[in-house]
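Asks: can't give you the sequence, but here's the structure:
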Ligand code: ACM
């Protein structure tokens, strides 16, 4: 058995130290094995352009990274947190995976959404899974809009994921349809940590952009059904206990095995 915690909160734009303090407060006293935080949870979301995102970004020697490393060690938990990652003159919309013991991995968002296309470089890490160092559990990572591409979750499933963890800054009300389907069609748990709150920015052309993030952080069972879901606005942590081993047998009746029944020679793309 394994405990996973979904952290839902409202990051303040451009205030990383305050956001890290907020995260520490929310997780105070929480006992868990996986801590899942939203996309871009240190900086906020609504960058105007690539230069602004680059200025806010951090390399793996950054202060937020040190904070998440410490969080992983303190809680003896895998920490998955969205951040703006600097690599030379490029900036990626990334998820840090910090393991107890100090190891770090980084997933770079494959399918950028909306104005992320003018702020970030397209992710080039590809999909991978991470073994929890203290539990028998394989975690695959995708970020937010990756949900719209079933290939992302299927790739993680083919790699052996038991749980797909999805740091998110979701703004629509349709994502639940897709995320639930990703869980059902792959027989994996899908964990979504979404942020809440509204960000309003004056854009370069003088217009105003206001985005309201829809909260509703949720853990889907491998049947596609939600196990527990946060409301749209509350800042809090949901901790749930699950058995990752239940996802390994891909039969869903005596005849049908989800992966073995695939017919790839008839599929395009
Ligand atoms: C999203 O990818 N932030 C919707």
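Replies: Happy to help now that I have it. In this text, all values refer to a predicted model and were calculated from it rather than measured experimentally.
Asks: where along the chain do the helices fall?
Replies: 16-27, 50-56, 63-75, 116-119, 150-158, 175-186 (DSSP state H).
Asks: TSV for the ones you listed, including distance to the ligand, mean neighbour count and mean pLDDT?
Replies: Using the backbone N, CA and C atoms, a C-beta is placed for each residue, glycine as well. Formatted as TSV, the helices of the chain follow (distance: least, Cβ to the nearest ligand atom, whole Å; neighbours: other Cβ atoms under 10 Å; pLDDT from 0 to 100):
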stretch	distance to the ligand	mean neighbour count	mean pLDDT
helix 16-27	17	17	98
helix 50-56	14	17	98
helix 63-75	19	18	98
helix 116-119	7	17	98
helix 150-158	12	20	98
helix 175-186	8	20	98
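Asks: quick one: name the residues of the stretch 151-269 of the chain near the ligand.
Replies: For the stretch 151-269 of the chain, the contact set with the ligand under Cβ under 6 Å from any ligand atom comprises 169, 170, 171.
Asks: thinking again about what came up before, the helices of the chain: which one's closest to residue 237?
Replies: helix 16-27 (5.3 Å; Cβ to Cβ).
Asks: helices or strands next to the closest one in the packing?
Replies: Applying 3 or more Cβ pairs under 8 Å, 6 or more residues apart in numbering; DSSP states H and E, one finds that helix 16-27 makes contact with strand 2-8, helix 63-75, strand 236-242.
Asks: run through who's touching the longest one.
Replies: Looking back up the chat, that one is helix 63-75. 16-17, 20, 23-24, 27, 30-32, 35, 42, 58-59, 77-79, 81, 83, 96, 98-102, 104 (Cβ atoms under 8 Å, 6 or more residues apart in numbering).
Asks: mind running it again at 7 Å?
Replies: 16, 20, 27, 32, 35, 42, 58, 78-79, 81, 83, 96, 98-100, 102 (Cβ atoms under 7 Å, 6 or more residues apart in numbering).
Asks: can you pull out the low-pLDDT segments for the stretch 51-200 of the chain?
Replies: For the stretch 51-200 of the chain, no stretch has pLDDT under 70.
Asks: ok so, going back, wait, which of the residues of the stretch 151-269 of the chain next to the ligand is closest to the ligand?
Replies: residue 169 (4.1 Å; Cβ to the nearest ligand atom).
Asks: now the closest one: closest residue in space that isn't a chain neighbour?
Replies: residue 39 (4.3 Å; Cβ to Cβ, 6 or more residues apart in numbering).
Asks: count the neighbours of the one you found for me.
Replies: 28 (other Cβ atoms under 10 Å).
Asks: in the protein, which spans are strands?
Replies: 2-8, 34-36, 78-87, 90-98, 104-108, 129-131, 138-141, 163-168, 189-194, 196-202, 208-214, 218-220, 226-229, 236-242 (DSSP state E).
Asks: buried set for the third one?
Replies: Of all the residues in strand 78-87, those buried under the rule 16 or more other Cβ atoms under 10 Å are 78, 79, 80, 81, 82, 83, 84, 85, 86.
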